[in-house]
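Structure here, sequence nowhere to be found:
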């Protein structure tokens, strides 16, 4: 079973939920941090990293002695990652999506592919939790290929929890895709609700069942609650606005470790999700 | 023309709160919301759209099943796993590279342009706002950010305005890089949590990578003063000056619920500190 934790708006508590859920399950659980631009789950789980692998995309390398400057590669590249100026071929690796069209279609066989590293995938253990995250290199624009590399590590036999980046665009979709259930974490403010509505559209488009966790409950307004009611979206859990929770979070202490009374609530959350996916299938 | 972009690395640290207040404090400016896939600034500025424009970005492959001979070549070469064994193309997985279109031996594949979102020029009581809405689950957020910024620049020129203030997206990837390019100063809003500290380092690194000077504001600095000190130390080490520390106050959320910038809602310490921050940032531009 794959459960992804997403939000739309940043800073609503995705990592708090993902890490506490993983710790509460304890065994046979894998946590994947797909927020490769700003991964934070390791701060809370403090895993021992056992393997680090480079994540790369294949980019073209042009053999000048074979190239006839026919411009076929320029023509087929949808991302303007290759240009021919007189008798020079220029490759812009940071624009390349690694599709391989140029090397395959070059009539002179003048293009080969070399790996360009965009980040690393690190795997390790945090207690009994299998931990995987990706770290995008600074200055690198494209998160999706690295997210794909992180998701290749999914161990289907375990309960997989995915910490998703904020937003609603491609990195979010790539992270959530293939999940059995998606938890959307929000806060009861106009910003939280605005972005929640967008996130709901994403999971609906992907056809994934979902429910909502309201974090910092008790401040802001009631509109999120009303929205869920009108749209028949289940509220799975409420976490109150509490300075103690905020303080623990600020120090990188997982909620269920700092306040153990939360552990059964997360176990119940998991059971609830399992039941909800059963009803659907 | 001067351009200030507000970034954070970590989401939810208060970028839009700051930009909303700067909108009320700064005199002659164009505002932009570059967080095109989860835009929130409009909730504080109550814009009235002057123009709505389509954003066409990227393409998706479509197979003409009548022509398709099911030779399987497209399935073999697609590196994104976007084509199923039944020759259906999943538009979400399709990267729009056109490899399949280029190799199909019977020309059964067409590349169709996507309407990937909309962008708007709006009037607000604080001045013009250029903002956007990326289509759900669309790619090309970086390109849409570039479109927003280009149009903000043209608008500024046209109206003889020499300042642009941009609300940026979280993270350090494509839309952030697009928001940074051509900016004179990045204001990085962080919070004193371990996640905030970690993410700030990466966004400072990103600003330095692209040669944009960065200054830091610690929002809600008093929720963990020890961490705020750690941010001070890190920023010194990374040569990014901490120019502001703003205390935590529920009044920020109250103002948000009322849909107004906090500096217009209250005269409390938070508002005074944000006003001070704006005076400093304006001088540094």
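Great, that's in hand. Predicted, not measured: the structure shown is a model, and the values here were computed from it.

Helix or strand: which one has the residue lying closest to residue A:100 once chain neighbours are set aside?
For residue A:100, ignoring the flanking residues on the chain, the nearest one in space by CB to CB, 6 or more residues apart in numbering or on different chains is residue B:79 at 6.1 Å. To be clear about C-beta, it is placed using only N, CA and C from the backbone, and glycine gets the same treatment. Per DSSP states H and E: residue B:79 is located in neither a helix nor a strand.

and the gap between residue B:79 and residue B:100?
To residue B:100, residue B:79 is 11 Å away according to CB to CB, to the nearest Å.

Of these two, which one has the most company?
Shown here are residue B:79 and residue B:100; by other CB atoms under 10 Å in any protein chain shown, residue B:100 has more neighbours (24 against 17).

My guess is that one contacts residue B:74. True?
Yes: the pair residue B:100 and residue B:74 qualifies as a contact (CB atoms under 8 Å) at a distance of 3.8 Å.

list residues touching both of these two?
The contact sets of residue B:100 and residue B:74 overlap at B:83, B:109 (CB atoms under 8 Å, 6 or more residues apart in numbering or on different chains).

Any buried residues in stretch A:230-245, and which?
With burial defined by 16 or more other CB atoms under 10 Å in any protein chain shown, the residues of stretch A:230-245 counted as buried are A:233, A:236, A:237, A:239, A:241, A:245.

helix/strand/coil for the residue of chain B found nearest chain A?
The shortest separation between chain B and chain A is 1.0 Å, found at residue B:11 (distances taken as CB to the nearest CB). Using DSSP: H, G, I helix; E, B strand; the rest coil as the criterion, the local structure at residue B:11 reads coil.

Local confidence estimate at it?
According to the model's per-residue confidence, residue B:11 sits at a pLDDT of 96.

Is residue 97 in a helix, a strand, or coil?
Since no chain was named, I'll use chain A. Three-state call for residue A:97 (three-state DSSP): coil.

my bad, the chain I had in mind was chain B
Judged by three-state DSSP, the three-state class of residue B:97 is coil.

my guess is residue B:74 contacts residue B:102, does it?
No: with contact taken as CB under 8 Å, residue B:74 and residue B:102 are classed as non-touching, separated by 10.0 Å.

Could you report the separation of residue B:35 from residue A:1?
Summarising the geometry, the distance separating residue B:35 from residue A:1, computed by CB to CB, is 32 Å.

Quick check on these two: which one has the bigger neighbour count.
Neighbour count, other CB under 10 Å: between residue B:35 and residue A:1, residue B:35 has more, with 34 against 14.

Next up, phi/psi of the more buried one, please.
For residue B:35, the backbone dihedrals are phi -90, psi 80 (criterion: degrees, to the nearest 10).

Specify the local secondary structure of the residue nearest to it when sequence neighbours are not counted.
Take residue B:35 and drop its neighbours on the chain: the residue closest to it by CB to CB, 6+ apart is residue B:169, 4.2 Å away. Assigned state for residue B:169: coil (three-state reduction, three-state DSSP).

ok, now residue B:243?
Residue B:243 carries the three-state label strand when classified by three-state DSSP.

Give me the neighbour count for the residue of chain B closest to chain A.
Applying the criterion other CB under 10 Å, we find 26 residues in the vicinity of residue B:11.

residue contacts, the nearest residue to residue A:94 once chain neighbours are set aside?
Computed as CB to CB, 6+ apart, the closest residue to residue A:94 that is not its neighbour in sequence is residue A:141, at 6.4 Å. Contacts here follow CB under 8 Å, 6+ apart; on that basis residue A:141 touches A:94, B:142, B:173, B:174, B:177.

filter those to the buried ones?
In these, burial by neighbour count holds for B:142, B:173, B:174, B:177, counting by 16+ other CB under 10 Å.

ok, which of those residues also contact chain A?
Checked against chain A using CB under 8 Å from any CB of the partner chain, the buried ones among the contacts of residue A:141 give the following subset in range: B:142, B:173, B:174, B:177.

In this structure the second one contacts residue A:145, no?
Same thing as residue B:173. No: Residue B:173 is not in contact with residue A:145 according to CB under 8 Å; the separation is 11.2 Å.

Tell me which residues are up against the lengthiest helix in chain B.
Taking DSSP state H as the criterion, chain B has its longest helix at helix B:141-158. Surrounding helix B:141-158, the residues in contact under the criterion CB under 8 Å, 6+ apart are A:141, A:167, A:169-170, B:1, B:3, B:30-34, B:36-37, B:55, B:57-58, B:116-117, B:119, B:121, B:128, B:130-132, B:134, B:161-164, B:166, B:169, B:174-175, B:177-179, B:181-182.

Show the buried residues in those.
Restricting these to buried positions leaves A:141, A:167, A:169-170, B:3, B:30-34, B:36-37, B:55, B:57-58, B:116-117, B:119, B:121, B:128, B:130-132, B:134, B:161, B:163-164, B:166, B:169, B:174-175, B:177-179, B:181-182, with burial counted as 16+ other CB under 10 Å.

Tell me which of those residues fall in strands.
Secondary structure assignment by DSSP state E places B:3, B:30-33, B:55, B:57-58, B:116-117, B:119, B:121, B:128, B:130-132, B:134, B:163-164, B:166 of the buried ones among the contacts of helix B:141-158 in strands.

which of the residues you listed are close to chain A?
With CB under 8 Å from any CB as the criterion, the subset of those in contact with chain A comprises residue B:134.

Next up, the contacts around residue 29.
In the absence of a named chain, chain A is used. So residue A:29 contacts A:22, A:128, A:129, A:130, A:158, A:159, A:160, A:161 (CB under 8 Å, 6+ apart).

not quite, I wanted chain B
Residues B:23, B:127, B:161, B:163, B:164, B:165 are the ones in contact with residue B:29 under the rule CB under 8 Å, 6+ apart.
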